[in-house]
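In: predicted model, plus sequence, below.
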Amino acid sequence: MDPVAAKFLGAGLACLGMGLAAMGVGNIFGNFVAGALRNPSAAAGQFTNAIVGAALAEGLGIFALVVALVLLFVV
Amino acid sequence: MADPIKQFELVHLVPLKIGGADFGFTNSALHMFIAVGVTAAFLLLTTTGRNLVPGRLQSMAELSYEFIAGTVRQAAGTEGMKFFPLVFSIFMFVLFGNLIGMIPGAFTVTSHIIVTAALALLVITTVIIYGIMKHGTHWFALFAPAGLPKAILPVIVVIEVISFLSRPISLSLRLFGNMTAGHIALKVFAGFAVAMVGAGAVGIAGATLPIFMITALTAFEFLVAVLQAYVFTILTCIYLNDALHPGHH
């Protein structure tokens, strides 16, 4: 295979990980909103936990993005 | 189309080389000075009045103080307040670094991994040094949670050590990745608009679509700029909590 083509294919494949991280972030905020609608008075106290969970899940998607950026612009 | 990563290029404003090492004053350094200067000016000028009933500007400064103080108390307890100057400085620097980067033509300081990695290493070094100073060898109990069966202890210790060492990596990559990705996305859509305008009369009508997208993305990037500064701060507090209370996690 042409090395340049392989590079772009690899970058595209690396971005699949971002979609999976998006599922994780959506899961966290979806469950947060579901819980907040059931018990709105407890929601404010758990918002920080929701943000931290989303940040940790999002971080893994960012790793996938960094792999894609390294493949595109560095390698 | 223009290269979307050209915006991250370092430009030497004042070249200076000492013994082969590069000490030149770059646009990155200039924007760091601006971020620190804006922060200092904002906090000093708004609080000089010291009114008992704060005006709008003074309450902005007081709100930012109370917000970070509340975050530190919640995540690291009252003892964590001795780290408040560090946490507040990191928050304000990252926040203004991100926000100044949103000005068209300005350089985003936090879009370079060396800057975010330096901040993350500062945090993690503080955690390790303060943890060992305060708790001595007991601090290493952080890597061996209490009440574990002996059989799985070696596996858990290895996992905990790897998890601890990956913290500065994930902390720095998260901020760097968010800022870089957002600014690349903005420039890619801006490139679409420029290419459409170049295509003639039909293109100018079509260029409104990417311009709507740029407007929406810019608003989203302001949200990300503030949110990532907050995320960096709250994670710093959580890691500092490990230095203060190694057994309670």
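Out: Looks like it arrived, so ask away.

In: buried sites along stretch B:71-88?
Out: B:71-72, B:75-76, B:80, B:83-84, B:87-88 (16 or more other Cβ atoms under 10 Å in any protein chain shown). (Each C-beta comes from the backbone N, C-alpha and C, glycine too.)

In: may I have the secondary structure class of the residue in chain B that chain A sits nearest to?
Out: Residue of chain B nearest chain A, by Cβ to the nearest Cβ: B:Gly177 (3.4 Å). Under the three-state scheme (DSSP: H, G, I helix; E, B strand; the rest coil), B:Gly177 adopts helix.

In: contacts only, for it.
Out: Residues counted as contacts of B:Gly177 (Cβ atoms under 8 Å, 6 or more residues apart in numbering or on different chains) are A:62-63, A:65-66.

In: which two of those have the greatest separation?
Out: Using Cβ to Cβ, the contacts of B:Gly177 span at most 7.3 Å, a distance reached by A:Phe63 and A:Leu65.

In: can you pull out the helices in the chain?
Out: Just going to use chain A. With helices called from DSSP state H, chain A shows them at A:3-14, A:16-38, A:40-69.

In: looking at chain B here, not the other one
Out: Using DSSP H, the helices of chain B run over residues B:27-47, B:56-76, B:84-101, B:113-135, B:153-198, B:201-206, B:208-244.

In: spit out the contact partners of the closest residue to chain B within chain A.
Out: Of all residues in chain A, A:Ile62 sits closest to chain B, at 3.4 Å by Cβ to the nearest Cβ. The neighbours of A:Ile62, taking Cβ under 8 Å, 6+ apart as the test, are A:21, B:173-174, B:177-178, B:181.

In: for it, give me the pLDDT.
Out: pLDDT for A:Ile62: 89.

In: tell me the contacts of A:Gly24?
Out: Counting by Cβ under 8 Å, 6+ apart, A:Gly24 has contacts A:57-58, A:60-61.

In: okay, these in a markdown table with distance to A:Val4 next?
Out: Output for those, formatted as a markdown table (distance: Cβ to Cβ, whole Å):
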| residue | distance to A:Val4 |
| --- | --- |
| A:Ala57 | 33 |
| A:Glu58 | 30 |
| A:Leu60 | 28 |
| A:Gly61 | 26 |
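
In: name the nearest of these relative to B:Val36.
Out: A:Glu58 (27.7 Å).

In: what's the neighbour count on the closest one?
Out: Summarising burial for A:Glu58: neighbours were counted as other Cβ atoms under 10 Å in any protein chain shown, giving 22.

In: which ones are touching it?
Out: With Cβ under 8 Å, 6+ apart, A:Glu58 has these contacts: A:21, A:24-25, B:174, B:178.

In: now do B:Ala243: how many residues are near it, please.
Out: For B:Ala243, the neighbour count with other Cβ under 10 Å is 24.

In: tell me the pLDDT of the closest residue to it other than its chain neighbours.
Out: Closest residue in space to B:Ala243, ignoring its immediate chain neighbours: B:Gly131 at 3.9 Å, by Cβ to Cβ, 6 or more residues apart in numbering or on different chains. On pLDDT, B:Gly131 comes in at 91.

In: what residues are up against B:Gly131?
Out: Residues near B:Gly131 by Cβ under 8 Å, 6+ apart: B:139, B:142, B:242-244, B:246.

In: thinking again about what came up before, can you lay out the helices of chain A as CSV showing distance to B:Val14?
Out: Putting the helices of chain A into CSV (distance: least, Cβ to Cβ, whole Å) gives the following:
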stretch, distance to B:Val14
helix A:3-14, 36
helix A:16-38, 39
helix A:40-69, 29
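
In: tell me which of those is the most buried.
Out: Highest mean neighbour count among the helices of chain A (mean count of other Cβ atoms under 10 Å in any protein chain shown): helix A:40-69, with a mean of 17.

In: next, the angle from that helix to helix A:3-14.
Out: For helix A:40-69 against helix A:3-14, the angle by axes from the mean of the first three to the mean of the last three Cα atoms, to 10 degrees is 170 degrees.

In: got a list of what B:Ile68 touches?
Out: B:84, B:87-88, B:91, B:233.
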